[in-house]
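**Student:** Sequence plus predicted model, see below.
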Amino acid sequence: MTHPAALVWFKRDLRIRDHAPLIEALQFERALGLVVIEPEWLASPECDPRHVGFLLDCIARLQRDLAERGLRLVVRCGSMLNVLQALRAKFAFTHLFSHEETGSGWSYSRDLAVADWCRAHAIDWKESPQTGVVRRLASRSGWAARWAQRMNSRPPNARPQTNRSAIDLPAGAVPTLRDLGFSALTLTLPAAGERAAWSTLESFLDDRGHGYRRAMSSPLTAVDGCSRLSAHLAFGTISMRSVHQSTETRIATTADRSLAYDLRGFASRLRWHCHFMQKLEDEPAIEWRNVARSVDGLRPGDGVHPQAIDRELFEAWCEGRTGFPMVDACMRQLRATGWLNFRMRAMLVSFAAYHLWLHWREPGLFLARQFLDFEPGIHWSQMQMQSGTTGINTLRIYSPAKQARDQDPNGQYIRAWIPEFGTKAYPSPVIDERTAIATAKEKLYALRKSRAAHTEAQAIQHKHGSRKSGLPPTPSRKRRRTAAPDKQGSLF
Ligand SMILES: Cc1cc2nc3c(=O)[nH]c(=O)nc-3n(C[C@H](O)[C@H](O)[C@H](O)COP(=O)(O)OP(=O)(O)OC[C@H]3O[C@@H](n4cnc5c(N)ncnc54)[C@H](O)[C@@H]3O)c2cc1C
């Protein structure tokens, strides 16, 4: 008879605190942790060495933290099924515990294959939620209440088995970037791991969060003024519930009303995180296909339009040499540091979509590789929203010149990232802005006015739209509160 034994599979949840699968595995006398570096991930077009470097650092720290609690974390490189098969020959586990993942297409297919494998080998695989994303959601109505219920619930906690049997299986050293075939990184990554995540959260709640709502818009002030928790949330070195509960406690206990006001702005964004991820969970195809199918064929490079995207414009955008200083400075900051604030991310995408008329998929893959915090559900939803292909959101066309005036009035940011600015070495604009925007608006508004687009928008709103205030506005709510439809899409 096989003795019960548990394997806890760490994926995008590289932590100890608030970790239901770990708690479950620790109830078994025989238990092991597993983390797998998968070739499918390394080869995926969203993966960059910066992600791999950060992951390896997180794993090394987790391995140490788990060892202190008497659990071995086995590190393996290989395709998941091969790894499971080989591991099972040495450690006959009967239970597999992990968190649910709302990932890219490759990880979704991998999870389906793991489910089949577990069924074939009579292994009981239990997945636990770790964000507000709801699997097999029937309707968006009531979603925000479910989010709140999950986030306010008590984190899992149980006393682990103390007489754990020793398992004769080497943990395996954490590979280096070089072992995996990558060169050394040219950028400095933020500190990885669970301790760094908590100290980032604490420094934000105690100090850096003052003035958050003001600081978040300018790339000059956002670097310190935003929480900088996104990479930690993406790699799961801290849970969304921990961030939510710590924030609510701080809001409830601080006597500083302006801090509480800033932190409430932050708290609502935590819900956005899951709101956007839910869209990918409900419709995995939004990773590669327009949400609004009525937009298909509009831009080159969408798989329906006969032409491919304009490589020259695309490369100028990727390399930060479009001749639009605010765009180029942002792109250079992003490439050099792996992070950019929300407004500037949106401006980069708006510029690619409206000024350069590029379909979002290739720019989205490029940005996914640059963002250390790449989170597929947020990323693809935002790429589509900022490109005007969701059919329901207000068209937002950012003017790089206005953003420079508002967010960098003294030109300090531009000069810091474009040393050649103002010399002959800096390129002239790659497009004529006035003509490009007029053409983009004309095409998009003509499309949006059609009856088919209108009918489709209602169905999209029903499936993906938010039902609660505090989330980004949908056209109907936006109209009620502010502009008439013909004012939308203005340059700002
Ligand atoms: C085109 C585009 C792509 C994006 N891709 C990603 C991505 O891959 N991963 C990612 O985490 N964020 C993404 N964002 C959202 C946002 O820009 C980042 O979450 C934020 O800049 C991260 O920095 P922070 O943690 O300091 O944010 P803070 O302002 O401190 O916010 C705290 C947390 O709230 C959540 N959040 C904040 N703003 C948003 C938002 N607009 N939508 C959803 N969640 C939000 C994030 O989890 C963030 O970490 C994208 C935005 C755009 C416009």
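**Tutor:** Everything's here; your move. Just so you know, these numbers come straight off a predicted model, no measurement behind them.
**Student:** May I see the domains of the protein written out as residue ranges?
**Tutor:** As given by automatic domain parsing, the domain ranges for the chain are 6-130, 194-282, 284-487.
**Student:** Which of the ones you listed has the lowest mean pLDDT?
**Tutor:** Among the domains of the chain, domain 284-487 carries the lowest mean pLDDT, at a mean of 90.
**Student:** so does that one get close to the ligand?
**Tutor:** Yes: on the criterion C-beta under 6 Å from any ligand atom, domain 284-487 is in touch with the ligand at 341-342, 345-346, 349, 371, 373-375, 378-379, 382-383, 386. No exception for glycine: its C-beta is placed from N, CA and C like everyone else's.
**Student:** Arg228: which of these is nearest?
**Tutor:** For the residues of domain 284-487 next to the ligand, the minimum distance to Arg228 (C-beta to C-beta) is 9.2 Å, reached by Asp373.
**Student:** How much space separates the closest residue to that closest one other than its chain neighbours from the ligand?
**Tutor:** The shortest distance from Asp373 to any non-neighbouring residue, by C-beta to C-beta, 6 or more residues apart in numbering, is to Ser230 (3.4 Å). Computed as C-beta to the nearest ligand atom, to the nearest Å, the Ser230 to the ligand distance reads 3 Å.
**Student:** in terms of contact, does Ser230 touch Arg345 like I think?
**Tutor:** No: Ser230 is beyond contact range of Arg345, at 10.8 Å (criterion: C-beta atoms under 8 Å).
**Student:** re earlier: who wins for proximity to Ala145 among the domains of the chain?
**Tutor:** Nearest of the domains of the chain (C-beta to C-beta): domain 284-487, 8.3 Å.
**Student:** gap between that closest one and the chain center?
**Tutor:** Centroid separation for domain 284-487 versus its chain: 17 Å, with C-alpha atoms, centre = their mean, to the nearest Å.
**Student:** and what of stretch 123-143?
**Tutor:** 18 Å.
**Student:** mind checking the end-to-end distance for it?
**Tutor:** 32 Å (C-alpha to C-alpha, to the nearest Å).
**Student:** wait, does that stretch contact the ligand?
**Tutor:** No: contact between stretch 123-143 and the ligand is absent, the nearest approach being 9.6 Å (criterion: C-beta under 6 Å from any ligand atom).
**Student:** What are the contacting residues of that stretch?
**Tutor:** 13, 20-21, 24, 93-100, 102, 114-115, 117-118, 146-147, 150-151, 236, 239-240, 271, 273-275, 277-278, 281-282, 377, 462-468 (C-beta atoms under 8 Å, 6 or more residues apart in numbering).
**Student:** what about the residue of the stretch 51-200 of the chain found nearest the ligand, which SS state?
**Tutor:** Relative to the ligand, the nearest point of the stretch 51-200 of the chain is Thr200 (9.0 Å; C-beta to the nearest ligand atom). Following DSSP: H, G, I helix; E, B strand; the rest coil, Thr200 is assigned to helix.
**Student:** Could you check how many residues crowd around it?
**Tutor:** Thr200 sits with 21 neighbouring residues when counted by other C-beta atoms under 10 Å.
**Student:** and if you look at Ala6?
**Tutor:** Residues near Ala6, counting by other C-beta under 10 Å: 24.
**Student:** now do Met277
**Tutor:** Met277 - counted by other C-beta under 10 Å - has 23 other residues nearby.
**Student:** tell me, what residue is most central in this structure?
**Tutor:** Glu375 (2.0 Å; C-alpha atoms, centre = their mean).
**Student:** sorry, back to before: quick check: the residue nearest to Asp373 vs Tyr398, distance?
**Tutor:** 21 Å (C-beta to C-beta, to the nearest Å).
**Student:** Looking at those two, which has the bigger crowd around it?
**Tutor:** Neighbour count, other C-beta under 10 Å: between Ser230 and Tyr398, Tyr398 has more, with 22 against 18.
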